[in-house]
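Colleague: Give me coordinates for this.
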Amino acid sequence: MAGGLVALLDDVAALSRLAAASLDDIGAATGKATAKAAGVVIDDAAVTPQYVRGLAAERELPIVKKIAIGSLRNKILIILPIALLLSQFLPGLLTPILMLGGAYLSYEAAHKIWAVLTGHGAHAADEDGPRDEKTVVAGAVRTDLILSAEIMVIALDTIASEGFWNRLIILVIVAIVITFVVYGAVGLIVKMDDIGLKLAENSSGFTEKFGRGLVSAMPKVMSVLSVVGTAAMLWVGGHILLNGIDELGFHPLYELVHHGEEAVRGVAGVGGVLAWIVNTIASAILGFVVGSLIVAIMAGVGKVRGTKDVAAAH
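Modeller: Below you'll find the model as predicted:
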């Protein structure tokens, strides 16, 4: 009896050690997957505040909350099952799907850049009239679906070697953590000017000046976030395309960038940073080239459709 109890306790201890090791593995893999998706997360945090501009201040946080719930629904109920099924039964499709997402991100970034360069970027910023909340939330959730899909597929690609259940647990954690971080940051950003106003109105001295500084700084912060988001889209989109092209069998582009990284990696103290910069710049250039090509194609298609519509009207 005692021997059986000791054996049982040994088994429990062994299972506990195994569970602890599994949790450590899941924690490490979750951190790695989340970090790999950081570029898209930055873009998500930069894009979302634009949806609540022009709305009543008291409705900003409730709308951000609705968008966050929609984002979590996108990740867990739509994207997660599809991504897991593909990774389990058709893993070869993940790279092309990832590349489609990378091409979309590159297109979005290039479209924003060309809109600014051609003088058409200011019009969208002026469209801040009264808007229906349901329309705002629906539009934000649709945009989030693309970004969330990219986040989840990038995370899944990072943990492809894990078992099915580990992948499931990791992706659920990634979905919750990233949604909380992104929309927590968004909520803070959109209320920062209100916080500044409160400080300026109800305080004096340094606190008052700080509050006024917050209010005056927020338009600049939003502009910087927009630039950072665009740069992140180019970098992430281009990086996905660069790796995907290599995985599909065309190696020259990846090897060229890799040689550039290796050429600066040996610089004492900053070699790793320089290698990252080389990869980032190369990825952004590739993203801009591919995105610009798609912009040109879409513009051509739009002109053809417009010509056909005019002809049909006559």
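
Colleague: Now do the helices in this structure.
Modeller: 2-36, 38-47, 57-73, 80-89, 94-117, 121-125, 133-158, 164-202, 206-247, 252-265, 271-313 (DSSP state H).

Colleague: Dump the ones you listed into a markdown table; add mean pLDDT and mean neighbour count as well.
Modeller: Where C-beta positions appear, they are placed from N, C-alpha and C, glycine not excepted. Listed next are the helices of the chain as a markdown table, based on pLDDT from 0 to 100; neighbours: other Cβ atoms under 10 Å:
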| stretch | mean pLDDT | mean neighbour count |
| --- | --- | --- |
| helix 2-36 | 48 | 12 |
| helix 38-47 | 59 | 24 |
| helix 57-73 | 85 | 17 |
| helix 80-89 | 87 | 14 |
| helix 94-117 | 88 | 20 |
| helix 121-125 | 49 | 11 |
| helix 133-158 | 79 | 21 |
| helix 164-202 | 82 | 18 |
| helix 206-247 | 83 | 19 |
| helix 252-265 | 93 | 14 |
| helix 271-313 | 86 | 15 |
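
Colleague: For the closest residue to V264 other than its chain neighbours, list the residues it contacts.
Modeller: Nearest residue to V264 in three dimensions, chain neighbours excluded: L274, at 3.9 Å (Cβ to Cβ, 6 or more residues apart in numbering). Listed by Cβ atoms under 8 Å, 6 or more residues apart in numbering, the contact partners of L274 are V264, R265, V267.

Colleague: Equivalent analysis for L80, please.
Modeller: Contacts of L80 by Cβ under 8 Å, 6+ apart are M152, L168, L171, V172, A175.

Colleague: okay, those in TSV with distance to G205 next?
Modeller: TSV is the format used below for the contacts of L80 (distance: Cβ to Cβ, whole Å):
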residue	distance to G205
M152	48
L168	54
L171	49
V172	48
A175	44
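
Colleague: what two of these are the furthest from one another?
Modeller: M152 and L168 (11.8 Å; Cβ to Cβ).

Colleague: I82 versus L286, what's the distance?
Modeller: 27 Å (Cβ to Cβ, to the nearest Å).

Colleague: just to revisit the earlier point, now, among the contacts of L80, which is nearest to N243?
Modeller: M152 (16.8 Å).
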